[in-house]
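>>> My questions are about this predicted structure, shown below with the sequence.
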There are 2 protein chains.
Amino acid sequence: MTQENQSTGNVTIVDVAREAGVSYSTVSRVVNNFKYVKPDTRERVEAAMDRLGYVANLKARSLAGGRSQVVGMLLYELDTSYHVEIVRGVDAEITNSEYDLMLSTTHKRRRKESAYVTQLTQGMVDGFLFVLPRYLEAYTEDLDRQQVPYVLIDHPGIDGIKSNTITATNWQGAYDATQYLIDLGHSRIGFITGTIEVASAQERLAGYQSAIRDNGFFVDPELICKGDFLEDSGYEAAKKFLSLAEPPTAIFASSDVSAFGAIRAIDEAGYLVPQDISVVGFDDVPESSYIRPRLTTVRQPLREMGQLATRMVLARIEDPTLPVEQVELPTVLIIRDTCQSPVDSKFMRAV
Amino acid sequence: MTQENQSTGNVTIVDVAREAGVSYSTVSRVVNNFKYVKPDTRERVEAAMDRLGYVANLKARSLAGGRSQVVGMLLYELDTSYHVEIVRGVDAEITNSEYDLMLSTTHKRRRKESAYVTQLTQGMVDGFLFVLPRYLEAYTEDLDRQQVPYVLIDHPGIDGIKSNTITATNWQGAYDATQYLIDLGHSRIGFITGTIEVASAQERLAGYQSAIRDNGFFVDPELICKGDFLEDSGYEAAKKFLSLAEPPTAIFASSDVSAFGAIRAIDEAGYLVPQDISVVGFDDVPESSYIRPRLTTVRQPLREMGQLATRMVLARIEDPTLPVEQVELPTVLIIRDTCQSPVDSKFMRAV
DNA sequence: ACTTTTTGTGCAAACGCTTGCAGAAATTAT
DNA sequence: ATAATTTCTGCAAGCGTTTGCACAAAAAGT
């Protein structure tokens, strides 16, 4: 706050050293909390740092082999609450630490994704968070070689490579929701998948199918419609279901957002949710409790996933010897207002 | 993709130079698109870079005086859609550029805010985006000295310093909404302020007051309640209005989120929106059209503000001589379902 | 043909820090 | 008292770039 260095306007380690009457390596040592520094010296240096308002230059620090104090986060986009919720969790945790967050979205650009990763691992971040990465294979190798700790969020990792992962019980969540619908009396339940290349989408589909079969029903391919987690695909899928000779009395969408789309289609067709068709989503994004009727859905603890993932990278940055960890968080069925027994449904055929 | 450097595992400029048979400065020059490089040489170097999979080390690059290719973004939090929407705008624009985004939230920690800024300006970012900064005075000086371009989003800047800013027509927006309510027949309109230290909150209040007066009404202090843009403050404010001897027939909240809180209070008290009380918000965050009844609100183009702000910093990073610019974007009243004439309101007293 | 200017390239010195090595000082063991 | 440790501090060599300076080569003036 008081004096300034003349050249760049920044106080460097050298200025502090001069002020404290020690060598610059000693300053570096107190900054890095090195063991062998005389308490007395340490104090003098700290006083000098305070007096000059010293702030470490991260570029230099990490160039020289230290930490950059930033963790990178790569996600597909920021448009849906799904991603935002995870970011919120990450932010909450990062904020409590000495680290900063470097956020990057890939959108559709496959090439940029891997270029970005090398860019960052080589130059910018101490650790990485990947949310539902699409082309993981393209850079895991790099990541491993660089020894940059990373954790995958909502992605089980790829075969042959043990990665730190944090996922939710997708299969169980889908199973539970389907069972709930069956218990309510539904037997024809339409399912809208997520982006089917994604593991969680596959697991949800499998959970749905298992529940159907376990209850002695038949998995009707007509009732499974491909989607991509987004609203439009939910809308289209629901329209298709509605045009069936015998439409389902319930629809289970692989994401809340696609459930919103489905509800819109049902609404436009002049039917009622949940009277004619029950709807269940997956995720429990904030909007789900804003819309009317409020969406019944399988809650995935997105924030917690973000927080936990952050804690995991941070821990591994501090101590790279920590073992690989794969955490699976439980989902829970949140019952709200979009489901009911199909007895009064226009689509319920007499038994 | 083919070969790798032995020591760190990273391909450096020196490796490329060796491979291409030129000096490393020449490589640097082609990387930086320097003018005086023989086309032939440039080609050889580029080929070598491709062959070795060279990726510039940003730390080194910026340490040595170049760009770090990252812009910092500082915001209070990520919990409300207000902030997220702006981030989305920023992201959309950043994604189209060669830059990355470093995101940081300050939450309540005043001290960290300015420490963070120096940290980053000294070491990490080429430009800065501030969303509704709280303690701007603490670092504008630093910013100016460091010559780091920055733009303030939803903040008019501080006296005596010309900053790049991007704001919305807060006064006019509030005026329009109030006028709309008056045109509907309301005369007792409760107003819930935002965090009153913030300029936009003051402007909205002023807009409201002007409209009241311009219509020949009296600004009743009883009908102005302090808030902080957040849900709880809206809830409390509405409760207070409801407990008045003569409650207002309409409430205008300085943010959508506080409007949500107000609606919750009205709901809990057993009254109906908009039959008994009309409600208007400000911002038009996505949730506003999800809730039922859908919120009538003053739309602030948050995404556009983020995008535009990003374009502004980016331009100033590339060309620091660009003049300071202060952009004000228009708000627009979005009429949805939370307002109606007060004739049937329980709170309408006979004239 | 001979300056002058424009291009093109290399060397070396930063940028601000970390860290291995070496030696000095203080502490403990013998 | 002397040797062996442990603690503390400074020096110097990097980390991977950018960039000013010097000089060579090519192009343009005269």
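Looks like it arrived, so ask away.

>>> Surely A:Val279 is within a helix?
No - inclusion of A:Val279 in a helix is not indicated when DSSP: H, G, I helix; E, B strand; the rest coil is applied; the result is strand.

>>> where's it relative to B:Val332, distance?
The spacing between A:Val279 and B:Val332, counted by Cβ to Cβ, to the nearest Å, is 33 Å. Every residue, glycine included, has its C-beta placed from N, CA and C.

>>> who has more neighbours, the two?
Neighbour totals were compared for A:Val279 and B:Val332, and A:Val279 leads with 28 against 17 (other Cβ atoms under 10 Å in any protein chain shown).

>>> beta partners of the more buried one?
A:Ile251 (DSSP bridges).

>>> residues in contact with it?
A:250-253, A:259, A:262-263, A:266, A:273, A:295-296, A:338-339 (Cβ atoms under 8 Å, 6 or more residues apart in numbering or on different chains).

>>> residue of the stretch 201-350 of chain A with the smallest distance to DNA strand D?
The nearest approach of the stretch 201-350 of chain A to DNA strand D comes at A:Pro320, 18.5 Å away (Cβ to the nearest atom of the strand).

>>> Write out the residues of the stretch 51-200 of chain A neighbouring DNA strand D.
In this structure, the stretch 51-200 of chain A approaches DNA strand D at residues A:Ala60, A:Leu63, A:Ala64, A:Gly65, judged by Cβ under 7 Å from any atom of the strand.

>>> which SS state does the last one fall under?
Meaning A:Gly65. Following three-state DSSP, A:Gly65 is assigned to coil.

>>> Neighbours of the residue of the stretch 251-351 of chain A found nearest chain B, how many?
Of all residues in the stretch 251-351 of chain A, A:Arg292 sits closest to chain B, at 3.7 Å by Cβ to the nearest Cβ. Taking other Cβ under 10 Å as the criterion, the count of residues near A:Arg292 is 14.

>>> same thing with the one 5 residues further on?
Applying other Cβ under 10 Å, we find 30 residues neighbouring A:Thr297.

>>> and what of the one 10 residues further on?
Residue neighbour count, defined by other Cβ under 10 Å, stands at 21 for A:Gln307.

>>> Go through whichever strand or helix holds A:Arg316 and flag the buried ones.
Element membership for A:Arg316 (DSSP states H and E) is helix A:302-318. Buried positions in helix A:302-318, judged by neighbour count with 16 or more other Cβ atoms under 10 Å in any protein chain shown: A:302-317.

>>> Between which two of these is the distance greatest?
Greatest spatial distance among those (Cβ to Cβ): A:Leu302 and A:Ile317, at 22.8 Å.

>>> Work out for me the element A:Arg18 sits within.
When secondary structure is defined by DSSP H and E, A:Arg18 falls within helix A:13-20.

>>> A:Leu101 too?
Counting by DSSP H and E, the secondary-structure element that holds A:Leu101 is strand A:100-105.

>>> so that strand versus strand B:100-105, what angle?
Taking axes from the mean of the first three to the mean of the last three Cα atoms, to 10 degrees, strand A:100-105 and strand B:100-105 form an angle of 130 degrees between their directions.

>>> Give the pairing partners of strand A:100-105; include direction for each.
strand A:70-75 (parallel), strand B:100-105 (antiparallel).

>>> quick revisit: can the helix holding A:Arg18 be found next to chain B?
No - in terms of Cβ under 8 Å from any Cβ of the partner chain, no part of helix A:13-20 sits within range of chain B; the closest distance is 12.3 Å.

>>> Show me what whichever helix or strand comes after that helix packs onto, helices and strands only.
Of the helices and strands lying after helix A:13-20 in sequence (DSSP H and E), the nearest is helix A:24-31. Of the remaining helices and strands, those touching helix A:24-31 by 3 or more Cβ pairs under 8 Å, 6 or more residues apart in numbering or on different chains; DSSP states H and E are helix A:13-20, helix A:39-52.

>>> right, so of the ones you listed, which gets closest to B:Val14?
Using Cβ to Cβ and comparing the helices and strands packed on helix A:24-31, the one that lies nearest B:Val14 is helix A:13-20, at 26.0 Å.

>>> model confidence over the closest one, on average?
Averaged across helix A:13-20, the pLDDT comes to 92.

>>> From the contact counts, what lies against it?
helix A:24-31, helix A:39-52.

>>> Most tightly packed of the ones you listed?
Ranked by average neighbour count under the criterion mean count of other Cβ atoms under 10 Å in any protein chain shown, those are headed by helix A:24-31 at a mean of 18.

>>> Tell me what angle it forms with helix A:13-20.
On the basis of the same axes, to 10 degrees, helix A:24-31 is oriented at 90 degrees to helix A:13-20.

>>> I'd like the domain boundaries of chain A, if you could list them.
In terms of domains, chain A is parsed into A:13-56, A:70-168+A:302-329, A:170-300+A:334-344 (source: automatic domain parsing).

>>> among these, which is nearest B:Val324?
Evaluated with Cβ to Cβ, the domains of chain A place domain A:13-56 nearest to B:Val324, the distance being 26.4 Å.

>>> residues of stretch A:329-337 that come out buried?
Applying 16+ other Cβ under 10 Å to stretch A:329-337 flags A:Thr331, A:Val332, A:Leu333, A:Ile334, A:Arg336 as buried.

>>> coming back round to it: got JSON lines for the domains of chain A, with distance to B:Val22 too?
Formatted as JSON lines, the domains of chain A follow (distance: least, Cβ to Cβ, whole Å):
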{"stretch": "domain A:13-56", "distance to B:Val22": "34"}
{"stretch": "domain A:70-168+A:302-329", "distance to B:Val22": "22"}
{"stretch": "domain A:170-300+A:334-344", "distance to B:Val22": "44"}
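
>>> can you tell which of those domains is closest to B:Ser104?
Each of the domains of chain A was checked against B:Ser104 via Cβ to Cβ, and the shortest separation belongs to domain A:70-168+A:302-329, namely 5.7 Å.

>>> from the chain's centre, how far out does the closest one sit?
Shown here is domain A:70-168+A:302-329, whose average C-alpha point lies 9 Å from the average C-alpha point of the whole chain (Cα atoms, centre = their mean, to the nearest Å).

>>> Is there proximity between that domain and DNA strand C?
No - Domain A:70-168+A:302-329 stays out of contact with DNA strand C when judged by Cβ under 7 Å from any atom of the strand, the minimum separation being 12.0 Å.

>>> show me the contacts for the closest residue in space to A:Ile189 that isn't next to it in sequence.
If you skip the residues right next to it in sequence, A:Ile189 has A:Ala250 as its closest partner in space, 4.6 Å away by Cβ to Cβ, 6 or more residues apart in numbering or on different chains. Taking Cβ under 8 Å, 6+ apart as the definition of contact, the neighbours of A:Ala250 are A:Leu181, A:Leu184, A:His186, A:Arg188, A:Ile189, A:Gly190, A:Ile277, A:Ser278, A:Val279, A:Val280, A:Cys339, A:Pro342.

>>> List just the nearest of those to DNA strand C.
Taking the contacts of A:Ala250 together and measuring to DNA strand C by Cβ to the nearest atom of the strand, the closest member is A:Val280, at 51.8 Å.

>>> Can you tell me how far the closest one is from A:Tyr139?
When distance is defined by Cβ to Cβ, A:Val280 is 36 Å away from A:Tyr139.

>>> what does A:Ile277 give?
With Cβ to Cβ as the criterion, A:Ile277 and A:Tyr139 are 43 Å apart.

>>> Cool, thanks, talk later.
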